[in-house]
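Undergrad: Give me a model of this one.
(chains A and B)
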Amino acid sequence: EAGVVQSPRYKIIEKKQPVAFWCNPISGHNTLYWYLQNLGQGPELLIRYENEEAVDDSQLPKDRFSAERLKGVDSTLKIQPAELGDSAVYLCASSPYETGLDGELFFGEGSRLTVL
Amino acid sequence: SQQGEEDPQALSIQEGENATMNCSYKTSINNLQWYRQNSGRGLVHLILIRSNEREKHSGRLRVTLDTSKKSSSLLITASRAADTASYFCATDREYGNKLVFGAGTILRVKS
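TA: Numbering: from 1, shown residues only, chains lettered A, B, ... in the order given. Purely as a prediction, here's the structure:
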């Protein structure tokens, strides 16, 4: 069974440029998460989807970040324009549970963003 | 802000020794999970313990939960060099519907 797939694995851009990350969750997993992980820190939730609905986006900086999950499968996270402080690893995770809290989350390898 | 606080921040031991990591949290929880993250990789789930459980085992892992003290510990017995990684606790806050991670413990096992 394929795991959570993320791309790109690494991205280097200059500040003020746009960037997009893509995530393909495990087949059949209705719940999808985007997490931000700064160096030396634990992941912090940006947004949680149940199917195509964003049920928790309270931590998403909506002035520059946007996300979508069309058809309730793949998801894209976009930053426009990127700032120096956005340099981090962006992790996608999925879960077969409706709330994701009854069991484990399955994480992708992450997309490491460097903003110069 | 992060719910869990792991202790110690870093731990260095010899292969074969036991490693103990602790996690403290602030609010009532439904369950607590432990994850491992190898350098440059995603997180991998290790074990989940529910609020009505006190101890759980999985292979060389032993997790305890003390809800009165709002704390949990992860014990890795007979450590191996391959156990070198960061370990995170994550709590599901009661009514919060959100899994919140701590800052992690960096474990280094020397061979």
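
Undergrad: was I right about residue A:66 contacting residue A:78?
TA: Yes - counting by Cβ atoms under 8 Å, residue A:66 sits close enough to residue A:78 to count as a contact (4.9 Å). Yep, even glycine has a C-beta here, placed from its N, CA and C like the rest.

Undergrad: Distance of the nearest residue to residue A:47 once chain neighbours are set aside relative to residue A:30?
TA: Spatial nearest neighbour of residue A:47, excluding adjacent residues (Cβ to Cβ, 6 or more residues apart in numbering or on different chains): residue A:57 at 4.5 Å. Here residue A:57 is placed at a distance of 17 Å from residue A:30 (Cβ to Cβ, to the nearest Å).

Undergrad: Who does the residue nearest to residue B:20 when sequence neighbours are not counted form a beta bridge with?
TA: What sits nearest to residue B:20 in space, not counting adjacent residues and going by Cβ to Cβ, 6+ apart, is residue B:75, at 5.1 Å. On the basis of DSSP bridges, residue B:75 is bridged to residue B:20, residue B:62.

Undergrad: and chain B, which of its residues are near chain A?
TA: Residues of chain B lying near chain A by Cβ under 8 Å from any Cβ of the partner chain: B:2, B:4, B:30-31, B:33, B:35, B:40-45, B:48, B:88, B:90, B:92, B:97-104.

Undergrad: ok, of the residues you listed, which come out buried?
TA: B:2, B:4, B:30-31, B:33, B:35, B:42-43, B:45, B:48, B:88, B:90, B:92, B:98-104 (16 or more other Cβ atoms under 10 Å in any protein chain shown).

Undergrad: Isn't the residue nearest to residue A:47 up against residue A:68?
TA: No - in this structure, residue A:57 is not within contact of residue A:68 by Cβ under 8 Å, at 11.1 Å.

Undergrad: Which one's more surrounded, the two?
TA: residue A:57 (17 against 13; other Cβ atoms under 10 Å in any protein chain shown).

Undergrad: Enumerate every residue touching the more buried one.
TA: Contacts for residue A:57 (Cβ atoms under 8 Å, 6 or more residues apart in numbering or on different chains) come out as A:46, A:47, A:48, A:67.

Undergrad: Out of these, which is nearest to residue B:81?
TA: Checking the contacts of residue A:57 against residue B:81 with Cβ to Cβ, the nearest one is residue A:46 at 33.8 Å.

Undergrad: so how far is residue A:92 from that closest one?
TA: 10 Å.

Undergrad: Could you do residue B:55 as well?
TA: Residue B:55 is 32 Å from residue A:92, by Cβ to Cβ.

Undergrad: Nice, that's everything, thank you.
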